[in-house]
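J.: 3D model of this:
(chains A and B)
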Amino acid sequence: MHFIPNTGDTEREILTALGVDNFSALIANIPEQFKKQCLIDLPPALSEIEISRTVAKLAAKNANSDTQISFLGGGSYDHFIPAAVDFLISRSEFYTAYTPYQPEVSQGTLQAIYEYQSQICQLTDLEVANASLYDGTTALAEAALMACSITRRNKLLVSPLVNPLARQVLVTYLKARNLDIVDLPEKNGRTDFTALNTQIDDQTAAVLVQSPNFLGIIEDLNGIAEGVHAKNALLVMSVDPISLAILKTPGELGADIAVAEGQPLGIHQAFGGPYLGIFTTRRQFIRNMPGRIVGQTVDVDSQRGYVLVLQTREQHIRREKATSNICTNEGLMALAATIYLALMGKTGLRKVADLCLQNSHYLARKIAGLPGFVLPFANQPFFKEFVVKTPRPIKEISAAALEANFFAGIDLGDYHPEWEKYLLIAVTEKRSLQEMDAFLKILAKF
Amino acid sequence: MTVPDNLKYTKDHEWARLEGNEAIVGITEYAQSQLGDVVYIELPKIGDVVSRGDVIGTIEAVKTVADIYSPVSGEIVAVNSALKDASELVNKDPYGEGWIATLKLSDATELSTLLESADYQKLIS
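T.: Numbering: from 1, shown residues only, chains lettered A, B, ... in the order given. Purely as a prediction, here's the structure:
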């Protein structure tokens, strides 16, 4: 079967124009040794029925949160996704449409994004949300760039407990702009803000903090914004959207920009993407905000309608002077989050958050009772994720758990040598008492 | 197209009016006519020290956003805050109520290198 849409005639025409008899003659000057290296050892072609069978077998080798009982977190969580989410986003009007380049023609898409923005504003208690970015990590990096452009300063004070993957993206974004990252200190699993006042200087654009942080611990941010603002810097918060149903919101804590990974809101973990970058800020900074935003207006007949606003600041018009190099959004995932939030409602989301809190605290308490297992940050408040110090290497525990169809959690030793034997366990509303007790039995063997 | 005689101009379509050791700056009538309806103006900050040609703000119209370049070097000593709520003043009265900022000149000789009204008129015709 040909995968290149050239007919035999076309090929001959090309070869004639090039003055060679056949394809081998065209590449004759490439030494044989290199040609051999390019040969791919493929089995003979299969029929559709055979290939379906083969691929299905390969796919079945994957372990995922449908086949395992998952305590994996660290930024991607196994929350329940109501069937209506996938059903509705699969409608072809939404599913096949790319980011609207003739936006006003796509009123349905724009209305959905407008609803999304409104929900995100309610969730974060901030005044404006954009139409979404690629994921939580790029949203954090964009927030850093935005803070530097607002303050015209070039330094960022970053909590060492921001998700290390998000931090890598941050470093990548900032490197080329000559913006500096300065680490805040850590104390007992939380960011240490005691010397913040002297750490913020006249070049500090913003303080970046994640709460709950990478260890699952809720940061104490009361009064932090006031100190940051007194030095004319901004506070950027990275949050777990589910936690906002019961924790203090970025708006309440005085944050200027809040970002989040939107995956917990009805989006499958799917081995890492596509995810959803949530981005919100105060109205006064709207013109510095990256990405696009949908506004509501009326047409000539006074009928309600939706439009893309502030496009003039985007890359396709302002080129290198744009607010961001991202000129699109994560529309389908934003829609999934919108449907999820609509289905849950305020009460439902609070219930999800409550269950995460209760489940995780039950499991933490029980694990602490197992001989050899210790909670290194036992006195710190957490939401749905916590750290356990294990008596045996985590690789051994994870292997035994996997055998019994459990994902034990994240081995934090992979991220930081000081975190050796630290297991990060996430517990969502999906975990039943039976599942947690079965997991405890596995741990009890170590 | 009005091009007042008492002003100096730049090729980027800004004007400057000398008052003592200060210059009031804005954008020309031609510039506003090219931009169309102005919806937002990002003003410079009082106290900013700028060089000639530096971006001191942006003008957002319905279809585009343009930079405002400083015609002279100096310190920003005043900005037209009325534009925050009434950006359309730039369209209605670009040489008057639509002024953008006042700079305290750091190099008065720069003014002689700006375009005279007749030269600017030629540039846009």
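
J.: and A:Glu435, how far from A:Leu357?
T.: As defined by C-beta to C-beta, to the nearest Å, A:Glu435 lies at a distance of 17 Å from A:Leu357. C-betas here are computed from N, CA, C, even on glycine.

J.: of those two, who's got more company?
T.: Neighbour count, other C-beta atoms under 10 Å in any protein chain shown: between A:Glu435 and A:Leu357, A:Leu357 has more, with 20 against 17.

J.: residue contacts, the more buried one?
T.: When contacts are counted by C-beta atoms under 8 Å, 6 or more residues apart in numbering or on different chains, A:Leu357 is found next to A:Ile246, A:Phe383, A:Lys384.

J.: list the buried residues of the host helix or strand of it.
T.: Here A:Leu357 sits within helix A:331-368, counting by DSSP states H and E. For helix A:331-368, burial by neighbour count (16 or more other C-beta atoms under 10 Å in any protein chain shown) applies to A:331-344, A:349, A:352-353, A:355-357, A:359-361, A:363-364, A:366-367.

J.: cool, and stretch B:67-85?
T.: B:Ile68, B:Tyr69, B:Ser70, B:Pro71, B:Val72, B:Ser73, B:Gly74, B:Ile76, B:Val79, B:Asn80, B:Leu83.

J.: for the residues you listed, work out which two are farthest apart.
T.: Between any two of these, the greatest separation by C-beta to C-beta is 22.6 Å, found for B:Ser73 and B:Leu83.

J.: kindly report the domain assignment for chain A.
T.: A:69-79+A:346-444, A:83-339 (automatic domain parsing).

J.: of all these, which lies closest to A:Cys38?
T.: Nearest to A:Cys38, of all the domains of chain A, is domain A:83-339, at 29.2 Å by C-beta to C-beta.

J.: give me the residue from chain B nearest chain A.
T.: B:Val65 (4.5 Å; C-beta to the nearest C-beta).

J.: neighbours of that residue, how many?
T.: By the criterion of other C-beta under 10 Å, B:Val65 has 23 neighbours.

J.: so what's it up against?
T.: B:Val65 makes contact with A:Thr312, A:Arg313, A:Ile317, A:Arg318, A:Lys321, B:Thr58, B:Ile59, according to C-beta under 8 Å, 6+ apart.

J.: hmm, which of the contacts of A:Leu357 are the buried ones?
T.: Using 16+ other C-beta under 10 Å as the threshold, A:Phe383, A:Lys384 are the buried ones among the contacts of A:Leu357.

J.: of the contacts of A:Leu357, closest to chain B?
T.: Nearest to chain B among the contacts of A:Leu357, counting by C-beta to the nearest C-beta, is A:Ile246 at 38.0 Å.

J.: please name the nearest non-neighbouring residue to the residue in the stretch 251-400 of chain A positioned nearest to chain B.
T.: With C-beta to the nearest C-beta as the measure, A:Thr312 is the residue of the stretch 251-400 of chain A nearest to chain B, at 4.5 Å. The spatially closest residue to A:Thr312, leaving aside those adjacent along the chain, is B:Val65, at 4.5 Å (C-beta to C-beta, 6 or more residues apart in numbering or on different chains).

J.: how much space separates that neighbour from A:Ala60?
T.: Applying C-beta to C-beta, the value for B:Val65 to A:Ala60 is 53 Å.

J.: low-confidence regions, the stretch 1-150 of chain A specifically.
T.: A:1-3, A:97-101 (pLDDT under 70).

J.: how about the helices in chain B?
T.: Using DSSP state H, the helices found in chain B span residues B:29-35, B:82-85, B:89-92, B:117-124.

J.: who's in contact with the residue nearest to the spatial centre of chain B?
T.: Centroid-nearest residue in chain B, with C-alpha atoms, centre = their mean: B:Gly26, separated by 2.1 Å. Taking C-beta under 8 Å, 6+ apart, we find B:Gly26 in contact with B:Glu14, B:Trp15, B:Val90, B:Pro94, B:Tyr95, B:Gly98, B:Trp99, B:Ile100.

J.: how close does it get to B:Leu89?
T.: Distance from B:Gly26 to B:Leu89, by C-beta to C-beta: 10 Å.

J.: what sits in contact with each of these two?
T.: Contacts common to B:Gly26 and B:Leu89, judged by C-beta under 8 Å, 6+ apart, are B:Gly98.

J.: now do the same for the residue of chain B closest to chain A: its pLDDT.
T.: Reading off the confidence values, B:Val65 has pLDDT 89.

J.: show me the beta-bridge partners of it.
T.: Judged by DSSP bridges, the bridge partners of B:Val65 are B:Glu60.

J.: for chain A, what lies in contact range of chain B?
T.: Proximity of chain A to chain B (C-beta under 8 Å from any C-beta of the partner chain) is limited to residues A:Arg287, A:Thr312, A:Arg313, A:Ile317, A:Arg318, A:Lys321.

J.: could you list which of those residues belong to helices?
T.: Using DSSP H, the subset of the residues of chain A next to chain B located in helices is A:Ile317, A:Arg318.

J.: tally of neighbours for the residue of the stretch 51-200 of chain A found nearest chain B?
T.: At 8.8 Å from chain B, A:Arg152 is the closest residue in the stretch 51-200 of chain A, using C-beta to the nearest C-beta. By other C-beta under 10 Å, the residues close to A:Arg152 number 10.

J.: A:Gly74: which of the helices of chain B is closest?
T.: helix B:82-85 (44.5 Å).

J.: hmm, who's touching the closest one?
T.: B:Ile41, B:Leu43, B:Leu89, B:Val90, B:Glu97, B:Gly98, B:Ile100.
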